[in-house]
Structures are given as C-alpha cells and as structure tokens.
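K.L.:
Structural data only, the sequence is not supplied:
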C-alpha cells in the first residue's frame, strides 16, 4: 500500500488546487516551492481567507456538521424526503458514509498549518500583523481539532480506549501516517493553540464590524466551550469572564432575537462564517435542509416547541408550514443559504459561565448568568436555586438547531431518549453507547496502518 494515499496528507495537498492523480500525491519539489513562495503578510491573509472559506463546505459548517450533530439529539428528526440523514438519524453508522466532517476538517487544518509554520522573519510586512494572522490560524486549528474530537473521540464512550484524533501540526510533514493521540493530548494541544493565539494577536488588527474572521477574544470564547465539554470548570469560568470583561459583545434583546438570524455581524456574534448569494448552496444549504419544499429533510419533533413558555421569543423560530410540518424557520432563514452561519455567539459564552459557576458551587452567580439570557428572551427568571437540568434546558432553548444538543447529552452521560415514533432510533440509546462516537472513515482505515477504529465498528 502506498503511504501517500493517506487522506490526512492527500487532502492537505488537494486543497491548494494542485493537479495530481492518486499516483502523485507526494508533495513534489515544485509543490514545496509553491508553498515556500509565501512572501508577505498579504500572502498569509489570502491563505487565511481560503482556510476560513473551506469551513463553509457542505460537509462542514455549511450543512453536515451542524445537522449531523443536531439530528442525533431529541429536537428534530429526518423525514426521508430525499433520503438524506436517515443513517445519522438512526445512529446506525457504517465507516464508509461519514467522511465529510473528517475530510473537510483535516483540509482546514492543512491550510492553517501552512500559515502557522511560515517564518515571520522571512515575510514582508508588519510583524505584529503577521503574528495576528498566525494567531487566527491557530484558533481555527484548535477549533477544528475540537470539532473532530467531539465527533470521533472516545471521551464519552463506556469501555473506550481513551483515543482522540490525530493532532496534525505540519503540512505534509514527516509523519505521513499519524496515529490517534489520546484524549488528554488532544485537549492539551487545543488549549495550547488557543492560548498562543490570544498571546500573539493584537486586537488593533481585529475588524470589529466584520465577524467572519476570528478575533483575539474568539480564542477565549472557544476555550470556554472546550473547557465546558471537558468539565474543566475553573478554566471555563476564567475564559468566559475574559470575553465578558472585554466589553465587545452584548446579548441580543427580545425584540430583535428572531430577526437577528437574518442579519450578519450582529453585536452578539463572536465568530461567524460568511455566506452570500454568490455561494448559492441551494439544496445543500442549511435553510434548504431545514425547510425547503423539495427536500426539507429535517423536521422538528412535536415535543420541541413545548420547551418554551408562551412569552419566550425563542419560540418564534419554530413555525408550522403549509403542509402542517413543524419547521425551523428562524435560524438560517434564507432558503438558499445566503445567511452567515454562527460558529460561536456571546449567549453561549454566558451559558458556559453559568454552568461553570454552578459546577463550582456558586449558585447565585450561576442564576445571575442564566437570568442574563432569560431577561432578554421574555422568559421567566430563576431565583433561589437551580439544577443542572435547568442549565441544560436553557442551553437547549437558546442553541436549538445549531448543533449542540447531542453533545450536551453525551458530555453529561445522558441517554438519547426515544420520545416519538417519528425518530429513527428504535429505542432509547443509553449513555456511553459506542455510537456516541462516529466511526473513523474506511478510506482512512485502509490508507493508514497506524489508525485505530473506534470501539464497536
């Protein structure tokens, strides 16, 4: 078997647009010369734009990543209109049908690595601006490793072997057949990238009117998310409070909540991905998969609207269409995918802080943070005491349709409940089941002799 077919290497080369067959995936001297010809801060900026744009692919934040992770929870179900997402909805995965997130994720990492590993002293331009761009690339690399980790890592699997995903830090480096790193190693690498980014970046280079590139405080916002998923409560608290103390973001008010999802670069956006009518994703857009007349594969379970009080403006994102189907009409409202897609919103950071405070015994502080959300949503405020269920319920109400519910269940060792015959699962899936992790794609298993498959596949 020719080691050059390893997908982690091949994808890194293919994303650059080089013309090559499966027989010449090795980075030739000419290709290495092209990479080393990066000469200026403008070249780095152009590569960063391409890296961020890669995240908008339909296999990643453009559709599959969000839908796959939403459909495995208890909010929505696949109706089979076009046959898409039936396997994901039933959690009956096979290794050959889930390469999108894996493939796109490592493509993005390959691109980010070129930026990160460029020698700042060899490039034309202001050194601080070069370091800022490299910091942005480190945020992206950390985020993608985390996205891969929460889908393929075995940290939430009973009897798993503690494996995470391969940490890739070089473009076409010496390790062409990377093995999987441990969970702890992956988290350590993610945190290191995020802290490096925060230290390297200078917020004078942040375009605060344009949220489609990571800013300095995106590093701390993402860190608060990662720490919550890994139950590192002190770290989550510290990171979230740094974002809050920056004073750069505000919670969207009740009157503007529903309409805000049709507006780009809102005050609550920390990092979002740019989409417009040039992209025109059509049937591959989030809007089309959630509510399109032709496909519209993803419907809302009848129990989901019941989580909201009548006065809660968040209920306004759910409507009943002309065919009597319950739909997500408020988030990703443009049918053809012209709306920007949020990667992280300020409200999530507030919820991360609330959970971190609760887990450390600060009941009053946790209630204060939860009420920052409810007071801007027309919902009843909390008083006295709260439970972990209250926090998870607020997360469910606020982050509905954005791909969080499955992970909130898995990271808290909760079952995926069978609550309706409309769901594809045949029975409740108990916490720690091997299906809480996706299988490593068969193309990777066949190409990489060092790769270990997830338990149960």
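P.N.:
Received, thanks. These numbers were taken from a predicted model, which means no experiment stands behind them. Residues are numbered from 1 along each chain as shown.
K.L.:
Ignoring the adjacent residues along the chain, who's closest to the spatially most central residue of the chain?
P.N.:
Taking C-alpha atoms, centre = their mean, the centroid of the chain lies closest to residue 147, which sits 5.3 Å from it. The shortest distance from residue 147 to any non-neighbouring residue, by C-beta to C-beta, 6 or more residues apart in numbering, is to residue 105 (6.1 Å). All C-beta spots, glycine's among them, are computed from the backbone N, C-alpha and C.
K.L.:
and the one you found, how far is that from residue 382?
P.N.:
37 Å (C-beta to C-beta, to the nearest Å).
K.L.:
Same question for residue 367.
P.N.:
According to C-beta to C-beta, residue 367 stands 5 Å off from residue 382.
K.L.:
just the strands in the stretch 251-400 of the chain please.
P.N.:
269-273, 298-300, 318-320, 326-328, 341-345 (DSSP state E, counting those that start in this stretch).
K.L.:
which residues sit against the fourth one?
P.N.:
Going back to what we said before, that points to strand 326-328. 76, 290-291, 296, 298-302, 304-305, 317-321, 400-401 (C-beta atoms under 8 Å, 6 or more residues apart in numbering).
K.L.:
Flag the shaky bits of this structure, pLDDT-wise.
P.N.:
1-36, 97-99, 173-175 (pLDDT under 70).
K.L.:
State which helix of it is the longest.
P.N.:
For the chain, the longest helix by residue count, based on DSSP state H, is helix 127-152.
K.L.:
what packs against that one?
P.N.:
helix 41-54, helix 64-71, helix 99-116, helix 183-200, helix 218-229 (3 or more C-beta pairs under 8 Å, 6 or more residues apart in numbering; DSSP states H and E).
K.L.:
One more pass at 6 Å, please.
P.N.:
Packing partners of helix 127-152 (3 or more C-beta pairs under 6 Å, 6 or more residues apart in numbering; DSSP states H and E): helix 41-54, helix 99-116, helix 183-200, helix 218-229.
K.L.:
Mean neighbour count added to these, as a markdown table?
P.N.:
Formatted as a markdown table, the helices and strands packed on helix 127-152 follow (neighbours: other C-beta atoms under 10 Å):
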| stretch | mean neighbour count |
| --- | --- |
| helix 41-54 | 19 |
| helix 99-116 | 24 |
| helix 183-200 | 19 |
| helix 218-229 | 26 |
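K.L.:
Is it possible to get the ones you listed out as TSV so that each row also shows distance to residue 276?
P.N.:
Output for those, formatted as TSV (distance: least, C-beta to C-beta, whole Å):
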stretch	distance to residue 276
helix 41-54	12
helix 99-116	20
helix 183-200	27
helix 218-229	21
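K.L.:
of all these, which lies closest to residue 407?
P.N.:
helix 218-229 (6.7 Å; C-beta to C-beta).
K.L.:
Distance from that closest one to the middle of the chain?
P.N.:
11 Å (C-alpha atoms, centre = their mean, to the nearest Å).
K.L.:
circling back to that earlier point, in JSON lines, list the strands of the stretch 251-400 of the chain along with mean neighbour count and distance to residue 206.
P.N.:
As requested, the strands of the stretch 251-400 of the chain are exported to JSON lines (neighbours: other C-beta atoms under 10 Å; distance: least, C-beta to C-beta, whole Å):
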{"stretch": "strand 269-273", "mean neighbour count": "21", "distance to residue 206": "11"}
{"stretch": "strand 298-300", "mean neighbour count": "23", "distance to residue 206": "35"}
{"stretch": "strand 318-320", "mean neighbour count": "16", "distance to residue 206": "34"}
{"stretch": "strand 326-328", "mean neighbour count": "21", "distance to residue 206": "31"}
{"stretch": "strand 341-345", "mean neighbour count": "24", "distance to residue 206": "15"}
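K.L.:
Put together JSON lines for those, with distance to residue 354 on each row.
P.N.:
Compiled in JSON lines, these are given as follows (distance: least, C-beta to C-beta, whole Å):
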{"stretch": "strand 269-273", "distance to residue 354": "17"}
{"stretch": "strand 298-300", "distance to residue 354": "25"}
{"stretch": "strand 318-320", "distance to residue 354": "24"}
{"stretch": "strand 326-328", "distance to residue 354": "24"}
{"stretch": "strand 341-345", "distance to residue 354": "14"}
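K.L.:
between these, which one is nearest to residue 227?
P.N.:
Taking those one by one with C-beta to C-beta, strand 341-345 is closest: 13.3 Å.
K.L.:
Can you tell me the strand partners of that closest one and which way each runs?
P.N.:
strand 269-273 (antiparallel) (DSSP bridges).
K.L.:
nearest residue to residue 130 other than its sequence neighbours?
P.N.:
Residue 130 sits nearest to residue 120 (C-beta to C-beta, 6+ apart), 4.6 Å away.
K.L.:
Tell me how many other residues surround that neighbour.
P.N.:
16 (other C-beta atoms under 10 Å).
K.L.:
Wait, it touches residue 128, no?
P.N.:
No: Residue 120 is beyond contact range of residue 128, at 9.6 Å (criterion: C-beta atoms under 6 Å).
K.L.:
Next one: residue 319 from residue 331, what distance?
P.N.:
In terms of C-beta to C-beta, residue 319 sits 12 Å off from residue 331.
K.L.:
actually residue 385, not the one I typed
P.N.:
31 Å.
K.L.:
Residue 206: what's it in contact with?
P.N.:
The contact partners of residue 206, by C-beta atoms under 6 Å, 6 or more residues apart in numbering, come to 215-216.
K.L.:
related to what we said a few turns ago, so for residue 63, which of the helices and strands packed on helix 127-152 sits nearest?
P.N.:
Across the helices and strands packed on helix 127-152, closest to residue 63 is helix 99-116 (C-beta to C-beta), at 8.8 Å.
K.L.:
quick one: the closest one to helix 64-71, angle?
P.N.:
Using axes from the mean of the first three to the mean of the last three C-alpha atoms, to 10 degrees, one finds that helix 99-116 and helix 64-71 are set 130 degrees apart in direction.
K.L.:
chain center to helix 99-116: distance?
P.N.:
Computed by C-alpha atoms, centre = their mean, the chain-centroid distance of helix 99-116 equals 13 Å.
K.L.:
Which residues outside that helix are in contact with it?
P.N.:
Contacts of helix 99-116 (C-beta under 6 Å, 6+ apart): 8, 11-12, 15, 35, 44, 47, 51, 54-55, 57, 59-60, 64-65, 134, 137-138, 140-141, 144, 148, 151, 168, 170-171, 441.
K.L.:
neighbour count winner among residue 385 and residue 331?
P.N.:
Ranked by neighbour count (other C-beta under 10 Å), residue 385 and residue 331 place residue 331 first, with 22 against 11.
K.L.:
Hmm, the more buried one is touching residue 401, no?
P.N.:
Yes: under the contact definition of C-beta under 6 Å, residue 331 touches residue 401, with a separation of 4.7 Å.
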